[in-house]
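In: Below is the sequence, then the predicted model.
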Amino acid sequence: MRPLTRRQLLALGAVGAGATAAGGAGLWLTTGNGPGYTGGEGLTEPQVLASRDRVLELDLTAAPARVRVGGRDASVQAFNGSLPGPTLRVRAGDTIRVTLRNGLRAPTNLHVHGLHVSPQGNSDNPFVSIDPGGSFDYEFTLPEDHPPGTYWYHPHRHGHAADQVAAGLYGAIVVEDPDPVPVTRERVLVVSDLSLDAAGNLAEVDQLQQMMGREGEIVLVNGQLRPQLRAAPGERERWRIINACPSRYLRLALDGQQVRLLSRDLGRLPIPEDVTEVVLAPGNRVELLVETRDGSAALTAGALDRGSMNAMMGGAMRGDNKSGGGPVELLTLAVSGSAGTDPGPVPEGRPLRDLRNEPVTAARTLNFAMGMNGNMGAGMGSGQGTMMAFTINGREFDPERLDETAAAGTVEEWTLTNSSPMDHPIHLHVWPMQIVQDGNRDVTRPKWQDVVNVPARSQVKVRVAFDDFAGRTVIHCHILDHEDQGMMATVQAR
């Protein structure tokens, strides 16, 4: 990477000063509860579309929509006019057929985040591009042994992913558990953030926000601001929580209630774990069992330091890069009334596969890095990718280049190294990752995720089983602005 010149430092300092003067455009100033909004209505959930006879067929239209957000009219982009889009409920072995229609002014496509399905053809193919006014017929077939869990869908067209997810294009996917967990009720909670201007239109994003990873002015749950939930004491709820924010990390806590972690990203833990807080990087999901107790509680997202660029910028940046600036109140839970019926014990889940017991056929290292582009000064304000280079192993994304090749049916060990001063949540399509070492700490129990956070100036070692499918897909940073600016590489199993 090129060292910073005096001209570049001055330019970045000016951008940072402008963001501060704008009263909150700088990432470190976001609060998640912007002025002029109202909240506190009862929680609503998106329309549910469930498979029948092992098939789910649906039309999805990505288009501008006018919705109510926090008591204000808002112009967003949405699937089928809903924020979030409909929730898709399927089972292992099902086929999902989607006709995606593009009503936007930019190209788009569809990614079924976390699903273990083919990356080729009209399945989960990130190289598909649907022009404005066009459509595409997708078909995703889940293996018979697909892990249950909470997944989601969103656009993944390179160069437009951050804009389109930030505008409101996302929805939940639930793969049903073959071993049901007895609960009083289940809730799907899609967390996102959004920035609107005074007229209710999507706010412009500047290059500093793209460089840091944008965070919205308000944080929503199912498109609502601080919705209210009600329950009786002694009940058990299953909360499926999705972090659909383009860049924001969520450090979640629910004080006053008993909370157990049932699942993270995919599958479920053999025995739920008691937790006081959980951290979701962008793209992560968790399933929580909430055992209700009398009183009121708030689900909050606390501030999380995801790195600083001051060292890289020689002090030109202002403030710290704290995700959320929080704590942000996401929702409230009021527990009162007569005690509910005891739902019974939670059965143990199936043992998780442990790749540490399987032979490794190859090892490789991927370095995620940031540095200055040489044309920064000339490109200020002209679009993405002009200020900062975001790379994997020193190269920006090129869809025509093959970066990594693995043998189908083998297990590899990958060291994900972050040489930058900011955290990067790394997402590999199609094949989930088992974390075996986090920094210098060995992970002694099987821990599976499809988004793995790699802290600044650190590394995480994972193992990947390239099972079931051949084909070409991508690995990338799930701070979507970083992905759009080049922090993505191609991966092929063959």
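Out: Here it is on my side, so go on. Quick caveat, the model's predicted, so the values are computed rather than measured.
In: Show me the residue sitting in the middle of this structure in space.
Out: With distances taken as C-alpha atoms, centre = their mean, the residue of the chain nearest its centroid is Gly283 (1.5 Å).
In: And that one, how far from His154?
Out: According to C-beta to C-beta, to the nearest Å, Gly283 and His154 sit 9 Å apart. Backbone N, C-alpha and C define where each C-beta goes, glycine included.
In: low-confidence ranges in this structure?
Out: 1-35, 309-326, 374-386 (pLDDT under 70).
In: Could you chop it up by domain?
Out: The chain breaks down by automatic domain parsing into domains covering 48-175, 185-335, 355-493.
In: Switch the ones you listed over to TSV; also include distance to Pro345.
Out: Shown next, in TSV, are the domains of the chain (distance: least, C-beta to C-beta, whole Å):
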stretch	distance to Pro345
domain 48-175	19
domain 185-335	10
domain 355-493	22
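In: Pro343: which of those is closest?
Out: Ranking the domains of the chain by distance to Pro343, with C-beta to C-beta as the measure, places domain 185-335 first at 4.8 Å.
In: and that closest one, how far apart are its ends?
Out: End-to-end distance of domain 185-335 (C-alpha to C-alpha, to the nearest Å): 14 Å.
In: go on, stretch 468-487?
Out: 26 Å.
In: Could you pull out the buried residues of it?
Out: Going by neighbour count (16 or more other C-beta atoms under 10 Å), the buried part of stretch 468-487 is 468-469, 471-487.
In: go on, stretch 200-207?
Out: Buried residues in stretch 200-207, counting neighbours by 16+ other C-beta under 10 Å, are found at 202-203, 205-207.
In: can you pull out the helices in the protein?
Out: Here the chain has its helices, by DSSP state H, at 6-21, 161-167, 207-212, 376-379, 480-484.
In: list residues touching both of Gly283 and His154?
Out: His113 (C-beta atoms under 8 Å, 6 or more residues apart in numbering).
In: Phi and psi next, for the nearest residue to Arg494 once chain neighbours are set aside.
Out: Among residues not flanking Arg494 along the chain, Ala470 sits closest, at 5.2 Å (C-beta to C-beta, 6 or more residues apart in numbering). Dihedral pair for Ala470: phi -110, psi 160, per degrees, to the nearest 10.
In: contacts for stretch 445-452?
Out: 113-114, 264-267, 281-284, 352-355, 416, 425-428, 432-435, 460, 462, 478.
In: contacting residues around Gln164?
Out: By C-beta under 8 Å, 6+ apart, the contact set of Gln164 is 62, 77, 104, 106, 108, 154-155, 157.
In: Show me which pair in these is furthest apart.
Out: Ala106 and His154, at 14.4 Å, using C-beta to C-beta across these.
In: With neighbour numbers in mind, choose between these two.
Out: His154 (25 against 15; other C-beta atoms under 10 Å).
In: Bridged to that one, which residues?
Out: His111 (DSSP bridges).
In: check contacts around it.
Out: Shown in contact with His154 (C-beta under 8 Å, 6+ apart): 110-111, 113, 161, 164-165, 169-171, 244.
In: Test my guess that the residue nearest to the centre of the chain contacts Ile426.
Out: No: counting by C-beta atoms under 8 Å, Gly283 stays clear of Ile426, with 9.6 Å between them.
In: Can you check which residues contact both of the two?
Out: Listed as contacting both Gly283 and Ile426 by C-beta under 8 Å, 6+ apart are 451, 478.
In: what's the longest strand in the chain?
Out: Using DSSP state E, we find that the single longest strand of the chain is strand 55-69.
In: same for that strand, what does it pack against?
Out: In terms of contacts (3 or more C-beta pairs under 8 Å, 6 or more residues apart in numbering; DSSP states H and E), strand 55-69 is packed against strand 48-50, strand 72-79, strand 87-90, strand 95-102.
In: Specify the angle between it and strand 72-79 in degrees.
Out: Interaxial angle, strand 55-69 versus strand 72-79 (axes from the mean of the first three to the mean of the last three C-alpha atoms, to 10 degrees): 160 degrees.
In: In CSV, please show the C-alpha coordinates belonging to strand 55-69.
Out: The C-alpha trace of strand 55-69 is given here as CSV (Å, rounded to 0.1, in the frame of the first residue of the first chain):
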residue,chain,number,x,y,z
VAL,A,55,-41.6,-26.3,-2.7
LEU,A,56,-41.8,-22.6,-2.0
GLU,A,57,-42.6,-20.5,-5.1
LEU,A,58,-42.8,-16.7,-4.9
ASP,A,59,-42.3,-13.4,-6.8
LEU,A,60,-40.0,-10.8,-5.3
THR,A,61,-40.0,-7.2,-6.7
ALA,A,62,-37.1,-4.9,-5.6
ALA,A,63,-38.4,-1.4,-6.0
PRO,A,64,-38.8,2.0,-4.4
ALA,A,65,-41.5,2.0,-1.7
ARG,A,66,-43.2,4.6,0.6
VAL,A,67,-43.5,3.3,4.2
ARG,A,68,-44.0,4.7,7.7
VAL,A,69,-40.8,4.7,9.8
